[in-house]
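In: Okay, predicted coordinates and the sequence, questions at the end:
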Amino acid sequence: KNKTIIIKPFIMTTNSFKKNRIFAALYFWSAITSAVFFYSCQKQTEVIVPAQKNASSYSAEVLDKWMTMQLRLMRNASGIPNQSFSRHFAYSGIVALESLKPGLTGTNKKWSEKWNGLTGLPVAHPSTKFFYPANVNAALAAINRSMFPNASTADKAAVDSLEAVLNTEFSLTQEASLLNASAEYGKAVAAAVFTWAEKDGYTNASNPYTVQMGPGLWKPTPPAYVSPSTPYWGNNRTIITGSLKN
């Protein structure tokens, strides 16, 4: 029997920082599974697949490199509560998936119907050709720039460099017009998803909170007696429509 796995944001305290860094990495893999399952596990050293092939015909190499880059950005990030990284993971996975939508077939194309309130995604004309690794490259470069605006100069340069290196590799076998169309589509997907992400309620997650008194209710614990971390995180909009229903 098929089951839908629902990923919800979670609450952690500063005492669980190291432990949840590991959980966060695992969460990343879960969040992008929807974008990975149609990729081939077979890596290629050069792009040799015709542009009109389905997305499943391409190597996962580009996605792998951006996953590694995002983990670097997270590791070096400051001022972002650990649980907030769940947003970076999930929205990046959605961006990767949606950037490949014109090259998906069957039920894989229906994921767009599940996103809770996501609008403004680009619609590709049936005759438009794409080179899908370039779609993913542009989309993930754009969403990471948007979601890590305070990244260090070195990390921002690394993002630019990875995007440029991959584009140079693509240009060895693909026409410029094809790569431009792919990049524009990927950037449009990233812009729509980021606009949607900014309205999920995360900016209110750390609003002032009055500790409630009574049996079974949370309270600060020794030795630090720290305040709760993002106490209103559970009020964030869900990513998948109807995911809180039993």
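Out: Right, received. Where do you want to start?
In: Low-confidence ranges, the chain, go.
Out: For the chain, the stretches flagged by pLDDT under 70 are 1-53, 107, 245-246.
In: at 90 what do you get?
Out: Applying pLDDT under 90 to the chain flags residues 1-57, 78-86, 104-113, 126, 202-213, 216-220, 225-235, 241-246.
In: all helices of it, in order?
Out: Under the criterion DSSP state H, helices of the chain are mapped to 17-31, 33-36, 61-76, 85-99, 132-147, 153-171, 176-197.
In: which parts of the third one are buried?
Out: Spelled out, it's helix 61-76. By neighbour count on 16 or more other Cβ atoms under 10 Å, the buried set for helix 61-76 is 61, 62, 63, 65, 66, 67, 69, 70, 71, 72, 73, 74. For every residue, glycine as well, the C-beta is placed using N, CA and C.
In: That one relative to helix 85-99, how many degrees between them?
Out: Calculated by axes from the mean of the first three to the mean of the last three Cα atoms, to 10 degrees, helix 61-76 forms an angle of 160 degrees with helix 85-99.
In: what packs against helix 61-76?
Out: helix 17-31, helix 85-99, helix 132-147, helix 153-171 (3 or more Cβ pairs under 8 Å, 6 or more residues apart in numbering; DSSP states H and E).
In: Ok, which of those comes nearest residue 183?
Out: Checking those against residue 183 by Cβ to Cβ gives helix 132-147 as the closest, at 3.9 Å.
In: Show me what that closest one is packed up against.
Out: Packed against helix 132-147 by the contact rule (3+ Cβ pairs under 8 Å, 6+ apart) you find helix 61-76, helix 85-99, helix 153-171, helix 176-197.
In: then the second one to PDB, C-alphas only?
Out: This file holds the C-alpha atoms of helix 85-99, laid out as PDB (Å, rounded to 0.1, in the frame of the first residue of the first chain):
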ATOM      1  CA  PHE A  85      17.300  24.600   7.800                       C
ATOM      2  CA  SER A  86      14.400  22.300   7.100                       C
ATOM      3  CA  ARG A  87      13.100  25.100   4.900                       C
ATOM      4  CA  HIS A  88      16.300  25.300   2.900                       C
ATOM      5  CA  PHE A  89      16.200  21.500   2.300                       C
ATOM      6  CA  ALA A  90      12.600  21.300   1.400                       C
ATOM      7  CA  TYR A  91      12.300  24.300  -0.900                       C
ATOM      8  CA  SER A  92      15.500  23.400  -2.700                       C
ATOM      9  CA  GLY A  93      14.100  20.000  -3.400                       C
ATOM     10  CA  ILE A  94      11.000  21.500  -4.800                       C
ATOM     11  CA  VAL A  95      13.000  23.800  -7.000                       C
ATOM     12  CA  ALA A  96      15.000  20.900  -8.400                       C
ATOM     13  CA  LEU A  97      11.900  18.900  -9.100                       C
ATOM     14  CA  GLU A  98       9.900  21.800 -10.700                       C
ATOM     15  CA  SER A  99      12.900  22.800 -12.800                       C
END
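In: centre of the chain versus stretch 228-241, how much separation?
Out: Its chain's C-alpha centre and that of stretch 228-241 lie 17 Å apart, by Cα atoms, centre = their mean, to the nearest Å.
In: how about it: buried residues?
Out: 229, 230, 231, 232, 233, 236, 238, 239, 240.
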